[in-house]
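[1] next comes the sequence, and after it the predicted model I'd like to discuss.
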Amino acid sequence: MTFYNHFKTILWDPSFATAPAVGEAPVAVLLDIIRVAALKAAYTFDADHEAWGDTGVSTQEIVATGYTADGDGVQLGTKTVEQDDANDRGEFHCANLVYTTIGNGANDTIEELIAFREQDAGATDANRLLVAHTAVAATLTNGGDITLVFNAQGFWHLT
């Protein structure tokens, strides 16, 4: 999992806000709405991207029957943070996510995931703060469920 620069900065200094479009509210990963969006391989990661509406981010989201844009409304649940002294890091854990019955009509291949924070349920592309990005094994949608099984050592961790 690779973090976006703006997220890293406000994680350490919640008063920092260089881009009013992504808001000035501090990030509270246990309380905030954090969603995961599925993207195509065409997305080119840029750590300088800040918001979901930045060029090349939202336009590379998959298109598949049963999948709704902007992370399909799927948000992380059962969020916890743990200190892992044995591995010298902090870990963010959450429940696995299930995209239910996507594809089998219009299909697309999931190859990237982006986690983003919404300040509230009425968020727009400009104020959805990009948190982290990761590449995943290519998975073609086919009408079945797709379950994102997160690592036992955390959805992400800081070392």
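    All right, it came through fine.
[2] now do the same contact list for the residue lying closest to Asp32 once chain neighbours are set aside.
    Among residues not flanking Asp32 along the chain, Arg117 sits closest, at 5.0 Å (CB to CB, 6 or more residues apart in numbering). Every C-beta, even on glycine, is put in place using the N, C-alpha and C of the backbone. Going by CB atoms under 8 Å, 6 or more residues apart in numbering, Arg117 touches 7, 27, 29, 32-34, 128-129, 131.
[3] can we see that at 6 Å?
    Neighbour list for Arg117: 32, 34, 129, 131 [criterion: CB atoms under 6 Å, 6 or more residues apart in numbering].
[4] show me what the residue sitting nearest the centre point of the chain is bridged to.
    The chain has Ala115 as the residue nearest its centroid, 0.8 Å off, counting by CA atoms, centre = their mean. Taking DSSP bridges as the rule, Ala115 bridges to Val36, Ala132.
[5] pLDDT at it, what is it?
    At Ala115, the pLDDT value in this model is 90.
[6] I figured it hits Ala132, correct?
    Yes. Between Ala115 and Ala132 there is a contact under CB atoms under 6 Å: 4.7 Å.
[7] got any ranges where this protein has weak pLDDT?
    In the predicted model, the chain carries pLDDT under 70 at residues 10-27, 71-73, 119-123.
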